[in-house]
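S.K.: Give the three-dimensional model of this entry:
(3 chains)
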Amino acid sequence: MAKTDSTTFVLADAGTPERDVVWSISHTTLGIADEFAFSVRQYSLHGGKQDGVTLIEVDNGHLVFTVVPTRGMSILRVRAGDITLGWNSPVKEVVHPAFIDLQARGGLGWLDGFNEMLVRGGYAWSGHPGMDGDQLLTLHGRAGNTPASRVEVVVDPEPPHRIRVRGRVREATFKFADFDMCTEISTLPGSTAFQVSDRLTNQSDYEREFQILYHGNFGPPLLEENARFDAPVREIAPFNAYAARDLDTWPTYRGPTPHFDEQAYNLWPYANDDNRTTTLLHNAAADRGVVLRYRVDQLPCLTLWKNTDTLKQGYVTGVEPGSGFPYNRAVERRAGRVPTLAAGASRDFTLDYAVLANRDQVTETSEEINGIRAGRETRVHTEPPLQP
Amino acid sequence: MAKTDSTTFVLADAGTPERDVVWSISHTTLGIADEFAFSVRQYSLHGGKQDGVTLIEVDNGHLVFTVVPTRGMSILRVRAGDITLGWNSPVKEVVHPAFIDLQARGGLGWLDGFNEMLVRGGYAWSGHPGMDGDQLLTLHGRAGNTPASRVEVVVDPEPPHRIRVRGRVREATFKFADFDMCTEISTLPGSTAFQVSDRLTNQSDYEREFQILYHGNFGPPLLEENARFDAPVREIAPFNAYAARDLDTWPTYRGPTPHFDEQAYNLWPYANDDNRTTTLLHNAAADRGVVLRYRVDQLPCLTLWKNTDTLKQGYVTGVEPGSGFPYNRAVERRAGRVPTLAAGASRDFTLDYAVLANRDQVTETSEEINGIRAGRETRVHTEPPLQP
Amino acid sequence: MAKTDSTTFVLADAGTPERDVVWSISHTTLGIADEFAFSVRQYSLHGGKQDGVTLIEVDNGHLVFTVVPTRGMSILRVRAGDITLGWNSPVKEVVHPAFIDLQARGGLGWLDGFNEMLVRGGYAWSGHPGMDGDQLLTLHGRAGNTPASRVEVVVDPEPPHRIRVRGRVREATFKFADFDMCTEISTLPGSTAFQVSDRLTNQSDYEREFQILYHGNFGPPLLEENARFDAPVREIAPFNAYAARDLDTWPTYRGPTPHFDEQAYNLWPYANDDNRTTTLLHNAAADRGVVLRYRVDQLPCLTLWKNTDTLKQGYVTGVEPGSGFPYNRAVERRAGRVPTLAAGASRDFTLDYAVLANRDQVTETSEEINGIRAGRETRVHTEPPLQP
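M.R.: As a prediction, this is how the structure comes out:
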């Protein structure tokens, strides 16, 4: 409650979100040497639709990322120097799930809160809204609007003192689901990289279908006209007819384009002998970028979402590894892309992101991708998959 | 937590809402002369469905109004002497939006929280529930159940020291909506009047449809048998067949009438040279009333809602200027009554309410209305508009 | 915020729910003699989907029960010595209604929060999801996800000092419903019994339909292979075709059985001259059990729900007296089982539960049931009622 001038009193303001620091640690408070300088802060938000939301901000001395326990351990944004990973959504607030009705607008209520750099779709379903049997599945599932049941911060006591933010997200419905998702987002002091390391467990006594989608989203400064995406693509198909029109230019981006809306492509990447693949998004000058490395046996499908509409509409691209593609689960099941977890079984998902801050790093990553591709062909489907 | 007798302990009670004063100012604390006596208090509510709701109460020394930032800057009620503006709804609590499911009962969930003197319908839609394309639009839209993102109280530093409660209500959905509504409810110390002064901005890069409805609601003591409504009506039509039955007596009210339910009339008012019109609701004796003045170029349509059912059912009338009538948006679009806002454009809406406390004030207001009417005819449609 | 070792910090943990004691009393603080030892504590929960939930725990010196005001005055669980009344649901958290969307999964959203020993279904509807006219009725109604508007704890000043937890739950929707439910859960110091004593009032000016279902749920240690249910059954019908298959063994239970899902039976009990009936659930050894006594003129229908699926799926049986059976209200109306409350009228519902801790108590209860049965026959319907 600030008195901004003699007679104006601001009683609430969701526009200044990082208001109350409710907890913090640093290398200093932990008695760790200055060469490993870092801090972790927990914030509590007030006002508007973000009332009651908690944020955890990790500053590793070089890179700062913000995790939202209240919204399923999403990563709101990442900053490293002049590079920001994330995007500008018309949704400005970090919306508390209590204000989200996932079933709104025919199952599109998720869009009322969508503004993160990384939000997980899942876990009982993760695709587009629509009926699967007699149930309306809502866009991208419930994971991103489920508060974490347990949150902890761990700093490895020994060098290099990895900093870990952990959260358990439970999706439990009597008779239907009993998923326990242990998330971890971690980084090393001074690093330009961070790792997402998740374990999804089916705690029920029955084999259960699941879906997962790592909806990673990037706007400016990386996304701009002539920005490029690169990956060792084994196979590609347009998501739908509209995307098929621009298949030829799928790896490059337009500038902000009125009425463009979105185009998406279904990719199946090649991997190296360890089943790992590498994707790269870089700016037009190829001197800034973000690299994502992950295992294709964990996440076989990769969706490239190109939402290069206007800046205010949300100029953003999604690099989205998943258990499948974001069609409705009914469609994915027919395509054989809905995996199951046996009773008590777990699956691990590890995603390594790093910020690329100069031309050499971008070039090295391109070469790494070429190395994985190893001269192999890309099979191109010019038509989208048949829909029901 | 009060100990009410030796062995009864009340742990929560939503029935005594104005529990915690969390902030207050007055002419005294601001060092303003006693001739401008006023106070502003912020309350925090606890218990039941109003847990976490904030109220702001302005007492201008003569008139007291209560604003609900948590519910879209609605005005809960207004009191001036023995006159109350507002009504007795079966909904007694000031319901936090987290407890409202707008899609409940086929899109009628809004009725679970409806009890205000003034609630805005809007802004992407504001009418009756039903499908518009593939989306279920819910009754009166989302504005009334959206907490304000920023709330401030301003007291003009110079006489006459207008007291302003401002709140920004954002309706943002990725790809669909980016409305920013800056509301202001203000009054002058010692006045019997208050002003609603809103600015709705389309912050997106695209022209967008919008709808707005100022759903102002009045019960006893103004509403009673033989209470009357007056306005300079250019054109009138019954909202539906049931309202058509009583078209002849549209400006007068019944007493509480079992099984009456509701009748509504579509009005297009005449205005003066400044596009301003005046409406009047007064009691049977014509010695108490409420006047509303506003611009018909801002709000061309006026709905008169007569819900003269029993007292417990909610004996209330609505005087509701709007961008259109409260049919579903699909119906309104066909009637050409869904306006648009260009990218970045704003529309202002100003409503001036005043309490009329004696016969002279009521009479003067009637004469003012006659002056606007200036002998012009009212065109009467005896049939309701064709519905889809 | 506990520091669990030198470098692990737990910031939130919904798994340790009973964190903050926010209020407490005991026989000592009230100056009551030690022979009536008891305590009452109020807890506030934090983290995950139980953030903001309040619990009230009554320990009468022998029996401990936990009431959840935030969830409609449900009873979470009851403990007496080594006997627990309640069950292990895959839903582990005490879920705040703000995180429940009753309309999810086609009206099954209630299952996202279902884990109580006693939850009331009601009051405008209480059965299975489905359309009744143009409205989707959601599973078991809204009562269990409505926070109590007023909560109080009363200790009778005179011996035997009955301890009462009271909560008012309001279900009010403009034009549709105005129910006021005054609940009371009480016990005597040192007793193994507790009483649910509710009064449902229709506060509206119109006669209104209502439904109520006391969904009492029991798992191990009472429920196990060869556990038995006993009641003086006048008439019995299987709920559906699947239950009809095992009609012969309706009063006995299987052990945890993969893929069993659930079977339910519609029972109409005999009562004694005071219209009271008695039901008994006991373990295989018949040396532990729970007895429920209530009036069949208050609650004519009794549903026995046998969900003897696996332990993790939720191994549980429901003993559920109600105004009708849990078919959809449209079905119940056709069967003539939807009662009404006149304007202003009330109905009382009193349920007396007691824990049975030894063979003698179980045997005495069986004899009590035989006494009510008094040799009268059970009419058995081998087919389920016709469905629409």
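S.K.: ok, the residue of the stretch 201-350 of chain A found nearest chain B - contacts?
M.R.: Chain B sits closest to residue A:310 of the stretch 201-350 of chain A, with a gap of 3.9 Å, by Cβ to the nearest Cβ. (Each C-beta comes from the backbone N, C-alpha and C, glycine too.) By Cβ atoms under 8 Å, 6 or more residues apart in numbering or on different chains, residue A:310 lies in contact with A:256, A:257, A:258, B:205, B:206.
S.K.: contacting residues around residue A:349?
M.R.: Residues near residue A:349 by Cβ under 8 Å, 6+ apart: A:196, A:197, A:198, A:199, A:200, A:212, A:214, A:294, A:298, A:299.
S.K.: got the contact list for residue A:361?
M.R.: Taking Cβ under 8 Å, 6+ apart, we find residue A:361 in contact with residue A:289.
S.K.: Which helix or strand contains it?
M.R.: helix A:359-373 (DSSP states H and E).
S.K.: So for that helix, what gets flagged as buried?
M.R.: Residues A:361, A:362, A:365, A:366, A:368, A:369, A:372, A:373 are the ones in helix A:359-373 that count as buried (16 or more other Cβ atoms under 10 Å in any protein chain shown).
S.K.: Just checking: what are the partner strands of the next helix or strand after it?
M.R.: Downstream of helix A:359-373, the first helix or strand assigned by DSSP H and E is strand A:379-380. Sheet pairing of strand A:379-380 (DSSP bridges) gives strand A:233-238 (parallel).
S.K.: May I have the partner strand as CSV, with CA atoms only?
M.R.: Extracted in CSV, the C-alpha atoms of strand A:233-238 (Å, rounded to 0.1, in the frame of the first residue of the first chain):
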residue,chain,number,x,y,z
VAL,A,233,14.9,-33.9,-38.9
ARG,A,234,14.2,-37.4,-40.0
GLU,A,235,10.6,-36.8,-41.0
ILE,A,236,8.3,-33.7,-41.2
ALA,A,237,4.7,-33.2,-41.9
PRO,A,238,2.6,-30.0,-41.7
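S.K.: Skipping its backbone neighbours, what lies nearest residue A:213 in space?
M.R.: residue A:121 (3.4 Å; Cβ to Cβ, 6 or more residues apart in numbering or on different chains).
S.K.: what about the one helix or strand residue A:199 maps to and chain C, touching?
M.R.: Here residue A:199, judged by DSSP H and E, is contained in strand A:193-202. No: on the criterion Cβ under 8 Å from any Cβ of the partner chain, strand A:193-202 is out of touch with chain C, staying 10.0 Å away.
S.K.: Would you mind listing the buried residues in that strand?
M.R.: Burial within strand A:193-202, assessed by neighbour count using 16+ other Cβ under 10 Å, is assigned to A:193, A:194, A:195, A:196, A:197, A:198, A:200, A:201, A:202.
S.K.: What of stretch A:332-352?
M.R.: Buried positions in stretch A:332-352, judged by neighbour count with 16+ other Cβ under 10 Å: A:332, A:337, A:338, A:341, A:343, A:347, A:349, A:350, A:351.
S.K.: and residue A:351, helix, strand or coil?
M.R.: Assigned with DSSP: H, G, I helix; E, B strand; the rest coil, residue A:351 falls in the strand class.
S.K.: Setting aside sequence neighbours, what's the nearest residue to it?
M.R.: Take residue A:351 and drop its neighbours on the chain: the residue closest to it by Cβ to Cβ, 6+ apart is residue A:196, 4.3 Å away.
S.K.: Also residue A:24?
M.R.: The shortest distance from residue A:24 to any non-neighbouring residue, by Cβ to Cβ, 6+ apart, is to residue A:41 (4.4 Å).
S.K.: what's the helix or strand for that neighbour?
M.R.: Per DSSP H and E: strand A:39-44 holds residue A:41.
S.K.: Would you list the strands that that strand pairs with, along with their directions?
M.R.: The pairing partners recorded for strand A:39-44 under DSSP bridges are strand A:20-26 (antiparallel), strand A:54-59 (antiparallel).
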